[in-house]
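Engineer: Sequence and predicted structure below; questions after.
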Amino acid sequence: MTVFYAPEIAKLIAGSGTVGTPAQAFTDGTVRSQTAVVTMASQTTSDTIVVGYLPKGSIFLFGIMNNSATLGSSTIAVGITGTTGKYRAAATKTTTTPEVIGVGGNHGVALTAAETVFLTIGAATMPSSGTLSIQLFYAEN
């Protein structure tokens, strides 16, 4: 049976063939979180809401989005300038159960620049009451 090593872990284990020093956030990083609670107040499709800041070099792990009331036909994307759906593609959220967010290849990659994370509202105005919370989890040195 062949033993395969993830690149970051191979650097830590003698005999793996690639011993070295991985970026600290990949193997001994400190997990940090940010929480933003937005009071819904009929924000419109031309509005964005800043909900986080990820430092340069940090590694995005995942996020959790929760709402106290259905968003109806309003869509919410979570992302950054130039890639508004980087962490969650625009979609409705009609249940009030927590949703794990984090799109495809955007995990496990050290950020080359700091990112301001925001919600983009689309399709319809948000509800006039209730809250929407976002927790972002990331690792850093």
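Structural biologist: Good, I have the coordinates.

Engineer: In this protein, where is pLDDT below threshold?
Structural biologist: Scanning the chain for pLDDT under 70 picks out 8, 11-27.

Engineer: what's next to the strand or helix carrying A139, contact-wise?
Structural biologist: Using DSSP states H and E, A139 sits within strand 131-140. Residues outside strand 131-140 that contact it (Cβ atoms under 8 Å, 6 or more residues apart in numbering) are 25-26, 29-40, 51-52, 54-55, 57-68, 71, 76, 78, 87, 101, 117, 119, 126. To be clear about C-beta, it is placed using only N, CA and C from the backbone, and glycine gets the same treatment.

Engineer: which residues touch S42?
Structural biologist: T125, M126, P127, S128.

Engineer: From the residues you listed, list just the buried residues.
Structural biologist: Listed as buried from these are T125, M126, P127; burial here means 16 or more other Cβ atoms under 10 Å.

Engineer: hang on, the last one packs against S68?
Structural biologist: This means P127. No - P127 is not in contact with S68 according to Cβ atoms under 8 Å; the separation is 9.4 Å.

Engineer: ok, the buried ones among the contacts of S42 vs A6, which is closest?
Structural biologist: Using Cβ to Cβ, M126 comes nearest to A6 of the buried ones among the contacts of S42, at 40.4 Å.

Engineer: And that closest one, its phi and psi?
Structural biologist: phi -70, psi 160 (degrees, to the nearest 10).

Engineer: Cool, thanks, signing off.
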